[in-house]
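Q: Please work out how this folds:
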Amino acid sequence: MTKLGVNIDHSATLRQARYRGLENETSIVIEPDPVEIALAAERGGADSITAHLREDRRHMQDADIKLLRQRITTKLNLEMACSEEIIKFASNIRPDYVCLVPENRLEVTTEGGVNLVANKDKTARAIEILSGAGAVCSVFVDPDEIQIKIAHEIGAAAVELHTGAYANAWGNPPKKLGELNRLAAAQKFAESLGLIVNSGHGINYENVGELVRAAKFNELNIGHTIISRSLLVGMERATAEMKELINAR
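A: Numbers count the residues shown, from 1 in each chain. This is a model prediction of the structure:
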């Protein structure tokens, strides 16, 4: 059965919009608390919690990740770039999973997969260090056989297929079908190499059904749409609703 990883980054984005620089202030109420959001997601059925510690700390902060490691009862999936600073931090925190992603300081959110052709050695070194720290290492890649093959060659245990092109093609049925077929072929190829196959980016309540029927993923990592839905119905219910859609495949 496909699992649900809930990305809580955007709850921290909301906090930073009002309290940036005051995260450790104890005399005022700092809200929302990403850790409490994560705990609510777990109560709603999340199988893991995903958080991206970016180099510019635009949303999640070091203290958030440390508290998540202490308090959640499922699994911690840390998204991160292959930077020396973040690798050292992750090695000390020892998350259950690590997903290596590209970072562009000008982007609003991660816009594409890691280019492993250009970043093979750097990514391989990060995988070696983080695997040694006990993390199951994944690489966020486009649904492309070359990228998947390199991920396997450099020791990744998993890949997370970038579903953004599928999500962005929602209003164009022929293009959407093409992207679904591309994802399904990539999933099968990755599975044939013995890789764990996850997916994420742009998945929402409307498009998740077709995705899980098209390919057999180990886990979907979903954030923005669940955080958005939670503003109306609460985090537990928003998570439970997504979980129900995934299980309805």
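
Q: Now the element after the helix or strand hosting Ala41, going C-ward?
A: Secondary structure from DSSP states H and E places Ala41 in helix 34-43. Of the helices and strands lying after helix 34-43 in sequence (DSSP H and E), the nearest is strand 48-52.

Q: re earlier: mean confidence for the helix holding Ala41?
A: Helix 34-43 comes out with an average pLDDT of 98.

Q: I'd like the C-alpha coordinates of it written as CSV, please.
A: What follows is helix 34-43, C-alpha atoms only, in CSV (Å, rounded to 0.1, in the frame of the first residue of the first chain):
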residue,chain,number,x,y,z
PRO,A,34,5.6,23.2,12.7
VAL,A,35,6.2,20.5,15.2
GLU,A,36,2.6,20.6,16.4
ILE,A,37,1.5,20.6,12.8
ALA,A,38,3.6,17.4,12.2
LEU,A,39,2.1,15.8,15.3
ALA,A,40,-1.4,16.6,14.0
ALA,A,41,-0.5,15.1,10.6
GLU,A,42,0.6,11.9,12.4
ARG,A,43,-2.8,11.8,14.2
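
Q: I'd like the next helix or strand past the longest helix along the chain.
A: Longest helix of the chain, by residue count under DSSP state H: helix 173-192. Next in sequence after helix 173-192, counting helices and strands by DSSP H and E, comes strand 196-200.

Q: Compute the inter-axis angle for that next one and helix 173-192.
A: Angle, strand 196-200 to helix 173-192, by axes from the mean of the first three to the mean of the last three C-alpha atoms, to 10 degrees: 150 degrees.

Q: How about the contacts made by the spatially closest residue to Ile93 that is not a sequence neighbour?
A: Nearest residue to Ile93, sequence neighbours excluded (C-beta to C-beta, 6 or more residues apart in numbering): Arg69, at 5.3 Å. In short, each C-beta sits where N, CA and C put it, glycine included. Contacts for Arg69 (C-beta atoms under 8 Å, 6 or more residues apart in numbering) come out as 76, 93-95.
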